[in-house]
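Chemist: Give me coordinates for this.
(2 chains)
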Amino acid sequence: MPRFSLHRFWAVVLKEFIQMMRDRVTFGIMVGIPLMQLLLFGFAINSDPKHLPTALRAADQGPFARSFVAALRQSDYFALVREPATDAEAQRLLQLGEVQFVVNIPEDFSRRLLRGERPTVLIEADASDPAATGPAVAAARTLAATVFDRDLRGPLARLRGQDGPVVFAVHAQYNPENITQYNIVPGLMGVVLTMTMVMITALAITRERERGTMENLLATPVRPIEVMLGKILPYIAVGYIQVTLILLAARFVFQVPMLGSVPLLYAVALLFIAANLAVGITFSTLAKNQLQAVQMAFFFFLPSILLSGFMFPFRGMPEWAQWLGSVLPNTHFLRIVRGILLKGNGPLEIAPEIWPLLLFLIVAMAIGVKRYRQTLD
Amino acid sequence: MSLLSSDLVIDVTGVTKRFGRKTVVNDVALQVRRGEIYGFLGPNGSGKTTFIRMLCGLLTPDAGSGTCLGHDVLTQQAVIKREVGYMTQKFSFYEDLSIRENLDFIARIYAVPDRAAAVQRSLEQLGLANRSRQLAGELSGGWKQRLALAACLIHSPKLLLLDEPTAGVDPKARRDFWDQIHRLAADGLTVLITTHYMDEAERCHRLAYLAYGNLLTHGTVDEVVARAGLTTWEVTGDNLPVLAASLRGRPGVEQVVPFGNTLHVTGRDAARLEAAVAPWRAAGGHRWTRIPAGLEDVFISLMETAKDNFA
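Modeler: Okay, here's the model as predicted:
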């Protein structure tokens, strides 16, 4: 009867260890991925984002208005970065995504407060990502109820009233019902494309090398750029099929509003798909075998989900993580998709997100072409 | 026959390639004439594949100069690639493409004129016209080799570089293959072929022998054998293994190799060899005959010498 042999078992263990240590890239990634996750989850990800950029439209400079603004400033949630001169400018800042909130203080705020007329403070919020706005709005409500406690003393104490001295109105724009799907479903487009496009092309050249067909290909007059573009083009078609499927599902299954131009979205998607394919091809020239290529693709995929603003509010992350996220094509594509679908953004509004994509594509392509060897040296 | 430079399809000197600190090809000079079948022999790891890869632009030589099809091997690799057909040692076409799709791909890469007709012609010559939709990965070794050869020929190259094309192919397919190579050479195609088989070496017009990166000898089969100056005794009789054991290591005896029911005893110095075997010849019991040295004896002798000099 065959028995378990410690010798044979140990022989296999030793062999696996040697092979594992010899494949440096795999080993590096096995150590690197947990470290990266720890850093990202531990430090970068914050589901209670603070210091959100806010525009202030203060038509009143009275004492109560000043106290209110000072209190906003002191809260951790609002960073008063702009003071637009007109309502139109304030709206534009909100649409471009430069600010998360616009706080409007009406003209005769202080006077009406003193008269007990309970003036209204209007906060307009970009709610396309509900996770980013929710906690801040809640904090502002508390603030409004207590901010004047110090000022309203003695005879003025009666103004505090039961409902507080001011009416606090929140106008959530772009996703007024705070429906999470509106944010997630368009975001999924970027995530799905990143995963599949990078993975599929990362295998492209590695497979040729592993199967020995690379030697044959190199012996022919074919040029590196011809090989790369030739490998990219078929997958662009695959990418468009994915975009179409996700858009159909968004429209008919999740009823995501589509305020902007869908053809514009298709046009921009080309840039994003190409950028991801270029990354994949570049990985493909770096990896020694198909397993390494898959691991590299995964290594790229992780920050594309966690740092792009897909899973967690981008503004909730510390600055270094935002910098890192800004390099990733998915970060910009998410803003473009959400901007077009939820805010109805046009070419002008998405322009600031186009050039980082273009730059990324050019750099990734250049590295790939440079790394692709025309000889076996 | 005078050697006009235009007759030389391959004309290189001083070709050297190092991988790290290891010199894989060392100062090799080679001249191959148009329409010639040139055999490239040598033990595994002798630098044959590396040398061929340098000829077709897959590797850049560290030193050396020369021309391949009249183009500079160092600077005009792109031009050379267009006119050379290279068949790799390992099957390197796409196993997940059909036979026709593979041929069509290669024909497109080389921009073969009238591609559809060229592919069809190639399929018919292969005898695969009715199986053209079969995946290349499903073919047996012999058929894969024929497909690879057909693909190498589809752009009508002027020079064919074949790296161990017949490894693992049965004798009948091997013979068919060589018949085709001779037909192609008769039409003016030049062929450089590496092999380990002695019968194939003898089918070449001329040979070169490479060991440890050094070109040890070259010429026709007869020239190579004559230059080696070996003396060989063929012995028949009983208890040959015992005889072989006692002969090995004697001064002047360099090789003692059993060939079926006979024993070949070979040495470079005829007189010393004769002295060494004299006691056994006198003892009787075996039949001793002088025979011409074989190509294999020559190569093994060269390899032994090379091991002492270079390894």
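Chemist: how close does residue B:79 get to residue B:69?
Modeler: Counting by CB to CB, to the nearest Å, the separation of residue B:79 from residue B:69 is 8 Å. Just so you know, the C-beta spots here come from the backbone N, C-alpha and C atoms, and that holds for glycine as well.
Chemist: So if I had to pick from these two, which one is more boxed in?
Modeler: With neighbours defined as other CB atoms under 10 Å in any protein chain shown, residue B:79 and residue B:69 compare such that residue B:69 has more, 21 against 16.
Chemist: which ones are touching that one?
Modeler: B:9, B:80, B:83-84, B:158-159 (CB atoms under 8 Å, 6 or more residues apart in numbering or on different chains).
Chemist: Name the residues that touch the helix or strand containing residue B:191?
Modeler: Using DSSP states H and E, residue B:191 maps to strand B:190-194. For strand B:190-194, contacts defined as CB under 8 Å, 6+ apart pick out B:9-10, B:32-42, B:48-49, B:52, B:55, B:158-165, B:181, B:184-185, B:200, B:204.
Chemist: Now, those residues that are in helices?
Modeler: B:48-49, B:52, B:55, B:181, B:184-185, B:200 (DSSP state H).
Chemist: is whichever strand or helix holds residue A:244 anywhere near chain B?
Modeler: Element membership of residue A:244 [criterion: DSSP H and E] is helix A:224-252. No. Using CB under 8 Å from any CB of the partner chain, we find that helix A:224-252 stays clear of chain B, coming within 8.9 Å at best.
Chemist: For that helix, what does the pLDDT average out to?
Modeler: Confidence over helix A:224-252, taken as the mean pLDDT, stands at 84.
Chemist: buried stuff in it?
Modeler: Buried residues in helix A:224-252, counted by 16 or more other CB atoms under 10 Å in any protein chain shown: A:224, A:227-228, A:231-232, A:235, A:239, A:242-243, A:246-247, A:250.
Chemist: so which of the contacts of strand B:190-194 are also by chain A?
Modeler: With the criterion set as CB under 8 Å from any CB, no member of these is near chain A.
Chemist: and the residue of the stretch 101-250 of chain A nearest chain B?
Modeler: Among all residues of the stretch 101-250 of chain A, residue A:216 sits closest to chain B, at 3.9 Å; criterion: CB to the nearest CB.
Chemist: can you give me phi and psi for that residue?
Modeler: Residue A:216 has phi and psi values of phi -60, psi -40 when expressed as degrees, to the nearest 10.
Chemist: now swap in residue B:26 and tell me
Modeler: Dihedral pair for residue B:26: phi -120, psi 110, per degrees, to the nearest 10.
Chemist: so how many other residues sit close to it?
Modeler: Residues within reach of residue B:26, counting by other CB under 10 Å, total 18.
Chemist: In chain A, mark out all the helices, start to finish.
Modeler: Remark: helices assigned in chain A by DSSP H are A:6-22, A:24-39, A:63-74, A:87-96, A:109-114, A:130-146, A:180-211, A:213-219, A:224-252, A:262-286, A:290-306, A:319-327, A:329-338, A:347-371.
Chemist: Looking at the most centrally placed residue in chain B now. What's its pLDDT?
Modeler: For chain B, the residue sitting closest to the mean C-alpha position, by CA atoms, centre = their mean, is residue B:194 at 2.3 Å. Predicted confidence (pLDDT) for residue B:194: 94.
Chemist: Which residues are in contact with the nearest residue to residue A:288 once chain neighbours are set aside?
Modeler: In space, residue A:288 comes closest to residue A:25 once its chain neighbours are excluded; the distance is 7.0 Å by CB to CB, 6 or more residues apart in numbering or on different chains. For residue A:25, the residues meeting the contact criterion (CB under 8 Å, 6+ apart) are A:287-288, A:292, A:295-296.
Chemist: and the stretch 1-150 of chain B, which residues reach chain A?
Modeler: Taking CB under 8 Å from any CB as the criterion, the neighbours of chain A within the stretch 1-150 of chain B are B:53, B:56-60, B:78, B:81-82, B:84, B:86, B:88, B:90-95, B:106, B:109-110.
Chemist: follow-up on the earlier one: out of the contacts of residue A:25, which are buried?
Modeler: Buried positions within those, assessed by neighbour count (16+ other CB under 10 Å), are A:287, A:292, A:295-296.
Chemist: quick revisit: the contacts of residue B:69: which two are farthest apart?
Modeler: B:9 and B:80 (11.0 Å; CB to CB).
Chemist: what touches both of the two?
Modeler: Common neighbours of residue B:9 and residue B:80 (CB under 8 Å, 6+ apart) are B:68-69.
Chemist: now the helices: where do they sit in the stretch 51-200 of chain B?
Modeler: Ranges of helices in the stretch 51-200 of chain B, per DSSP state H, counting those that start in this stretch, are B:77-83, B:99-109, B:115-126, B:141-153, B:171-186, B:198-201.
Chemist: quick one: the residue nearest to residue A:288 and residue A:195, what's the gap?
Modeler: From residue A:25 across to residue A:195, the span is 20 Å (CB to CB).
Chemist: Also residue B:74?
Modeler: To residue A:195, residue B:74 is 44 Å away according to CB to CB.
Chemist: Who has more neighbours out of the two?
Modeler: Neighbours per residue, other CB under 10 Å: of residue B:74 and residue A:195, the larger number sits with residue A:195, 19 against 16.
Chemist: ok, now which ones touch the closest residue to that one other than its chain neighbours?
Modeler: Residue nearest to residue A:195 in three dimensions, not counting chain neighbours: residue A:301, with 5.4 Å by CB to CB, 6+ apart. If you count contacts by CB under 8 Å, 6+ apart, residue A:301 has them with A:194-195, A:198-199.
Chemist: so can I have TSV of those showing pLDDT?
Modeler: Output for the contacts of residue A:301, formatted as TSV (pLDDT from 0 to 100):
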residue	pLDDT
A:194	90
A:195	85
A:198	90
A:199	85
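Chemist: Going by neighbour count, which of these comes out on top?
Modeler: The member of the contacts of residue A:301 surrounded by the most neighbours (other CB under 10 Å) is residue A:198, with 30 neighbours in all.
Chemist: That residue and residue A:367: what is the separation?
Modeler: Counting by CB to CB, the gap from residue A:198 to residue A:367 is 14 Å.
Chemist: do residue A:130 as well
Modeler: Here the distance between residue A:130 and residue A:367 works out to 38 Å (CB to CB).
Chemist: For my notes, please list the helices of the stretch 51-200 of chain B in JSON lines and give mean pLDDT and distance to residue B:265 for each entry.
Modeler: Rendered in JSON lines, the data for the helices of the stretch 51-200 of chain B read as follows (pLDDT from 0 to 100; distance: least, CB to CB, whole Å):
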{"stretch": "helix B:77-83", "mean pLDDT": "91", "distance to residue B:265": "46"}
{"stretch": "helix B:99-109", "mean pLDDT": "92", "distance to residue B:265": "50"}
{"stretch": "helix B:115-126", "mean pLDDT": "91", "distance to residue B:265": "46"}
{"stretch": "helix B:141-153", "mean pLDDT": "91", "distance to residue B:265": "37"}
{"stretch": "helix B:171-186", "mean pLDDT": "92", "distance to residue B:265": "29"}
{"stretch": "helix B:198-201", "mean pLDDT": "90", "distance to residue B:265": "19"}
